[in-house]
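Q: Build me a model from this:
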Amino acid sequence: MSRRKILPCAKDSRAAQHATARYAPARSSPQRGGRAFGAPKAERAAMPWRCLLSSIAVGLAQLRNLTGDADQDNVLEAFTNDLAADLTGYGRGFSLRRLANEPADTADRPEFDVKYFVTGSAQRGRPGMLRINVRITDAATSEYLWARRFEFGADEAVPVQAQIIRRISRELHILLLQQEIERVVRELGAGRQLNECLSSAAAALEGELRPDLTAEAQRWYLAALADDSRNVEALVGLARTCQELVSNPWWGDPLAASVASDLGREVVAIALNLAPGAADAHCVQGMLHSAAGKVDEAALAFDRALAMDQGLAIAHGFAAYNTAFLGSAGNTLPAIERAMRLDRADRRHSIWFFFGGFAELLIGRTDASIALLQKSLERNRSYGSARMFLIAALSLSGQSREAAEAAALFRQQYPDGPAGACEQLWLSRSRSATYRAQILPVFDTIRSLGVGT
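A: Residues are numbered from 1 along each chain as shown. This is a model prediction of the structure:
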């Protein structure tokens, strides 16, 4: 079996060196390859999100029953169905095709328009034990890319099967990541040094929160992983760019955001396997959980990050934002003020002001909300989230003319925003009755002003 580059459970000296690394300050300017988001509408419509363009066509065959016990057929069918559901729900970069049977040999495989096969079998293990063998195979070469054996008793079946399914998903996401790395290397050219890539990525993230800069940082982090596939700083940085795409639905199409959410989750998990003590990795994991609506898990991840580094401003800031989704928006602004004292960068302050303005809007303090959202926009005129919620704050405060002007500016600036994506992002964030009672009137107000959310 060939040895793949990215090894989630491996540790080495280079990984340890970067285990607690923060994003490096810029030492060289990145090469600017994309247009600004303020480009004319026709240009923007033709400009796709420049990263996370790959997809994987996966053929999934039901596990073969080699136990001699026909009763196991239903168990294996249910397992395969659960695996298909997980890959469909949490692997949106995969194009899944169910196969009736495992392809017998390479000669049979061209008829299937897939790149990888997921196959396996079940056998009797030790007394009272079931042995599951699963593998991922390259469809073109029949090479085993990954294979594992799991043995468990009846009382362990549910948790072990869940573990097997998550591991298969992780390995397929690693293959997706490798495709992205290879594509970026072709675009940028080979021979890029690790420090150059990390510096260029950090420089892009020092600018405004804009899609072209985030996409540029993403490309450089992918290039860094081509040089060192287990570099924790690059893995965490890549996951962070995925989170920024997910949290700004007008940046790309919904599929790109979905792929980013899934890949970011797996990439940061790889980083945490390599460096469990990396506070930045726990923080980014919390950011991704929060964007995916897992606000309780997000809160735990932020707590872990802050237990490791109380001075980590980004963890304070995003934990405060997550608090609003938990129904405690009144606690958000004090924590945001602490984050601002710890990190005085304009880029982050734009985000912190938005978080504070959003929370103040939820609890009905519209004047304070307007002031904070306007401060956010002063630092980043293209910050769509701040502009969208400013529309509601102005309208709810009785400033109808100003609200209409803000809505017109939003439509002009983001004419191609995916309908429903923005509203869905914020409505799906939490099941808290308090939060939902606060956010629903906000979107009613935004819709009433003709903003296609």
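
Q: CA atoms for contacts and neighbours, from now on please.
A: Fine.

Q: First-to-last residue distance for stretch 426-441?
A: End-to-end distance for stretch 426-441: 12 Å, by Cα to Cα, to the nearest Å.

Q: got the phi/psi numbers for the residue nearest the centre of the chain?
A: Central residue of the chain (Cα atoms, centre = their mean): Ser261, 2.8 Å from the mean position. The main-chain torsion angles of Ser261 are listed as degrees, to the nearest 10 and equal phi -60, psi -50.

Q: quick one, domains of the chain?
A: In the domain annotation for the chain, the residue ranges read 56-180, 191-280, 311-453 (automatic domain parsing).

Q: which one of those has the lowest average pLDDT?
A: If these are sorted by mean pLDDT, domain 56-180 sits at the bottom with a mean of 86.

Q: just to revisit the earlier point, hang on, the residue nearest to the centre of the chain packs against Thr241?
A: No: counting by Cα atoms under 8 Å, no contact exists between Ser261 and Thr241, whose distance comes to 10.0 Å.

Q: where exactly do the helices run in the stretch 201-350 of the chain?
A: Applying DSSP state H, counting those that start in this stretch to the stretch 201-350 of the chain gives helices spanning 211-227, 232-246, 254-274, 279-291, 295-308, 313-325, 332-342, 346-362.

Q: What helices and strands are in contact with the longest helix along the chain?
A: Under DSSP state H, the helix in the chain containing the largest number of residues is helix 157-188. In terms of contact count using 3 or more Cα pairs under 8 Å, 6 or more residues apart in numbering; DSSP states H and E, helix 157-188 is assigned the packing partners helix 72-90, strand 144-153, helix 211-227, helix 254-274.

Q: What residues does the residue nearest to the centre of the chain make contact with?
A: Neighbour list for Ser261: Cys242, Gln243, Val246, Leu288, Ala292 [criterion: Cα atoms under 8 Å, 6 or more residues apart in numbering].

Q: Settle this for me: the fourth one is touching Val267, isn't it.
A: Yep, that's Leu288 we're talking about. No: in this structure Leu288 lies outside contact range of Val267 using Cα under 8 Å: 10.9 Å.

Q: With distance to Arg401 added, can I get the helices of the stretch 201-350 of the chain in JSON lines?
A: Formatted as JSON lines, the entries for the helices of the stretch 201-350 of the chain read as follows, by distance: least, Cα to Cα, whole Å:
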{"stretch": "helix 211-227", "distance to Arg401": "30"}
{"stretch": "helix 232-246", "distance to Arg401": "31"}
{"stretch": "helix 254-274", "distance to Arg401": "32"}
{"stretch": "helix 279-291", "distance to Arg401": "32"}
{"stretch": "helix 295-308", "distance to Arg401": "36"}
{"stretch": "helix 313-325", "distance to Arg401": "29"}
{"stretch": "helix 332-342", "distance to Arg401": "28"}
{"stretch": "helix 346-362", "distance to Arg401": "19"}
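
Q: Could you give the separation of stretch 288-298 from the chain centroid?
A: 11 Å (Cα atoms, centre = their mean, to the nearest Å).

Q: Can you list the buried residues in that stretch?
A: Neighbour-count burial for stretch 288-298, counted by 16 or more other Cα atoms under 10 Å, picks out Leu288, His289, Ser290, Ala291, Ala292, Gly293, Lys294, Val295, Asp296, Glu297, Ala298.
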